[in-house]
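Engineer: what follows is a predicted protein model with its sequence.
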Amino acid sequence: MPKTKHFLDRLLAIDEVLSNARENEYILLSVLLEELKGKFNVSERTLRNDLKYIKSFVEIQCVRNKGYRYANLNKTIKNSLIYKNELNMVMDVLSLILKFDGVMNAQVIQELFDREELKNHLKTMGLNRQTKPVIIFDQNLQLQGLDEWLSPLLDAVTNNMCVKIRYQPFGKENASESFVYPYLLKQYNNRWFLIGKKEDDERVLNFAIDRINSVEMTRPMVGDELKKPNLDEHFKHVVGVSVPKEGCRDVVFRTDNRTYNYIRTKPLHNSQKIERIDDCTWEVRLRVKINYELRALLRSFGDAIEVIEPKELRREMHEMAVRTAEKHR
């Protein structure tokens, strides 16, 4: 479906004019254009494109110097099953977006749903919107900075705008300002991160939204600034968002039958391989870069896993377990 502004409204307006025509009556293009100009700032070219789009759903007859008409007034765009299906899909997507407050101008989308003409149109077509959610995402709407910064950062990424960010990492007493080329918004473990490069740094960095103090749009990105790195490759060998300088390691741990099923059905990483050791033991192998997120993920399994390799990671897990035991005496 085309993405031009007021596209759906124009289709409904064209459909109304053609549907109200008398049998065998043709509507001149100039008449259609005049009808639309009363509501929209539309050109003849746009109108022709809209008519072409409508023809993909229903049959419209066009006769030179006479105009346009529906070939069958009982087969209009409102009655088209294909159109209904496509509109329903669009509405489902918009409904899904509304489930996440503060994202992608949700207020504007809600206003669209609240418009009486759209409600009446959907009712006429037999398209009833769900009033209760049918998909629920795990999300933390109390995350600091979510309401303030997610939407403007999304706009910056989408429109290739350089942003000035005031950022304060945990453990730092003072915040610092940086000009950032934003490339991607990534969610991990219910936190949102802006992925990009600083103006004076070639490294790909992540900025946690909950540690951002301010965001300011500055200017459009130009030249080499628009050359986005291959982010799929960048994150290929990690769990989460932090990418250490060190290379990949083989991480091996063992687990029991019960935990194996959770790990088998929800792999920890794309490189995951599992081998059976005996009737009640499974060995899991990952080829990854060892970062904070991987350590946290392994710790989350508690005593259900035993890290075998690398030795330094096994030692870390042991020391952490000892400290935890001391605190829970």
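Structural biologist: Thanks, I have it.

Engineer: any low-confidence regions in this protein?
Structural biologist: Flagging of the chain using pLDDT under 70 yields the residue ranges 1-6, 77-137.

Engineer: return the set of buried residues in whichever helix or strand residue 323 is part of.
Structural biologist: Residue 323 is part of helix 311-327, with elements assigned from DSSP states H and E. Under the neighbour-count criterion of 16 or more other CB atoms under 10 Å, helix 311-327 has 313, 314, 316, 317 buried. Quick note: C-beta positions are derived from backbone N, CA and C, even for glycine.

Engineer: distance from the chain centre to it, please.
Structural biologist: The chain centroid and the centroid of helix 311-327 are separated by 38 Å under CA atoms, centre = their mean, to the nearest Å.

Engineer: and stretch 40-52, by the same measure?
Structural biologist: The chain centre lies 30 Å from the centre of stretch 40-52; the measure is CA atoms, centre = their mean.

Engineer: list the contacts of residue 194.
Structural biologist: By CB atoms under 8 Å, 6 or more residues apart in numbering, the contact set of residue 194 is 153, 157, 165, 180, 182, 184, 185, 206, 207, 209, 212.

Engineer: next SSE after the helix or strand hosting it?
Structural biologist: In this assignment (DSSP H and E), residue 194 forms part of strand 191-198. Heading C-terminal from strand 191-198, the first helix or strand you meet, by DSSP H and E, is strand 205-208.

Engineer: skip ahead from that next one and say which helix or strand is next.
Structural biologist: Going down the chain from strand 205-208, the next helix or strand is strand 212-220, by DSSP H and E.

Engineer: restrict that next one to CA atoms and write it as PDB.
Structural biologist: C-alpha atoms of strand 212-220 as PDB (Å, rounded to 0.1, in the frame of the first residue of the first chain):
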ATOM      1  CA  ILE A 212      20.500   9.400  28.400                       C
ATOM      2  CA  ASN A 213      19.900  12.800  30.000                       C
ATOM      3  CA  SER A 214      19.000  14.700  26.800                       C
ATOM      4  CA  VAL A 215      18.700  14.300  23.000                       C
ATOM      5  CA  GLU A 216      18.900  17.100  20.500                       C
ATOM      6  CA  MET A 217      18.600  16.900  16.700                       C
ATOM      7  CA  THR A 218      21.400  18.800  15.100                       C
ATOM      8  CA  ARG A 219      21.700  18.300  11.300                       C
ATOM      9  CA  PRO A 220      21.300  15.700   8.500                       C
END
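
Engineer: what does the biggest strand by length in the chain rub up against?
Structural biologist: If you go by DSSP state E, the chain has its longest strand at strand 176-188. Defining contact as CB under 8 Å, 6+ apart, one finds that strand 176-188 is touched by 150, 153-154, 156-157, 161-168, 192-200, 204-207, 218, 221, 225, 228-229, 231, 235, 240-241, 293.

Engineer: give me the beta-bridge partners of the residue nearest to residue 193 when sequence neighbours are not counted?
Structural biologist: Setting aside the residues directly before and after it, residue 193 is nearest to residue 206 in space (CB to CB, 6 or more residues apart in numbering), at 4.4 Å. Beta-bridge pairing of residue 206 under DSSP bridges involves residue 195.

Engineer: please begin residue numbering at 52 from this point
Structural biologist: That works, and once the first residue is 52, the last one we named lands at residue 257.

Engineer: who touches residue 257 in this structure?
Structural biologist: Taking CB under 8 Å, 6+ apart, we find residue 257 in contact with 237, 244, 245, 246, 292, 293.

Engineer: against residue 93, how distant is the closest residue to the third one other than its chain neighbours?
Structural biologist: Going back to what we said before, that points to residue 245. Of all residues not flanking residue 245 in the chain, residue 258 sits nearest, at 4.4 Å (CB to CB, 6+ apart). If you measure residue 258 against residue 93 using CB to CB, to the nearest Å, the figure is 42 Å.

Engineer: between the two, which is the more surrounded one?
Structural biologist: The neighbour comparison of residue 258 against residue 93 (other CB atoms under 10 Å) goes to residue 258, with 23 against 18.

Engineer: residue 241: what's it in contact with?
Structural biologist: Contact analysis of residue 241 by CB under 8 Å, 6+ apart lists 189, 190, 191, 194.
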